[in-house]
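Student: fold the following.
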Amino acid sequence: MSQVPAPGGERPLGYFVFSWVDASMAQELIDWLCNGHVAEVLEQPGMLRAEVIVLDERSPEGRIGVVCAYQLRSQQDYDAYLSSSAKARFNVEGRRFASSVTSTRWHGHCVLALQAGVARSSGAAQ
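Tutor: Numbers count the residues shown, from 1 in each chain. Okay, the predicted model is just below:
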């Protein structure tokens, strides 16, 4: 399968933060994410899109799942974000949730993006 690079030669990169949060702190975390934090992350160079998703399913311990999904323009933008002073500040700000949240982070390059109602070519990926 061929992977078509974005303009400039790079494919967009997805950055995902998956968190399990104690039910007693879930609303506070969601408020923090939705009322400023995610918007501040999106202001960083190379950030294109962000979503906050609260899972319907709970962990066996009754914890609530929260996913922050970001899209960045390139690997270079992701690397710059990780070493930025803004990311360091976000790490400090998020410490208040440390005793009630367990987070895992992943990133990877987009190989296919489809949108409902948008025409696609009829040819298969090579």
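Student: select the longest strand from the chain.
Tutor: Scanning the chain for the strand with the most residues, using DSSP state E, yields strand 47-58.
Student: let me see the residues that make contact with that strand.
Tutor: Strand 47-58 has contacts (C-beta atoms under 8 Å, 6 or more residues apart in numbering) with 12, 26, 30, 33-34, 38-39, 41-42, 64-73, 77, 81. Just so you know, the C-beta spots here come from the backbone N, C-alpha and C atoms, and that holds for glycine as well.
Student: filter those residues down to the ones in strands?
Tutor: Per DSSP E, strands hold the following members of the contacts of strand 47-58: 64-72.
Student: neighbour-wise, give me the winner out of those residues.
Tutor: Counting neighbours by other C-beta atoms under 10 Å, residue 72 leads the ones in strands among the contacts of strand 47-58 with 26 neighbours.
Student: dig out what that one forms beta bridges with.
Tutor: In this entry, residue 72 is beta-bridged to residue 13, residue 47, by DSSP bridges.
Student: quick check, it in contact with residue 82.
Tutor: No - counting by C-beta atoms under 8 Å, residue 72 does not reach residue 82; the two are 10.5 Å apart.
Student: burial measure for the nearest residue to residue 29 once chain neighbours are set aside, as a count.
Tutor: Distances taken as C-beta to C-beta, 6 or more residues apart in numbering put residue 21 closest to residue 29, at 5.1 Å, once the chain neighbours are dropped. Applying other C-beta under 10 Å, we find 22 other residues in the vicinity of residue 21.
Student: what does residue 40 give?
Tutor: With neighbours defined by other C-beta under 10 Å, the count for residue 40 comes to 13.
Student: repeat that for the one 10 residues further on.
Tutor: Other residues near residue 50 number 17, with proximity taken as other C-beta under 10 Å.
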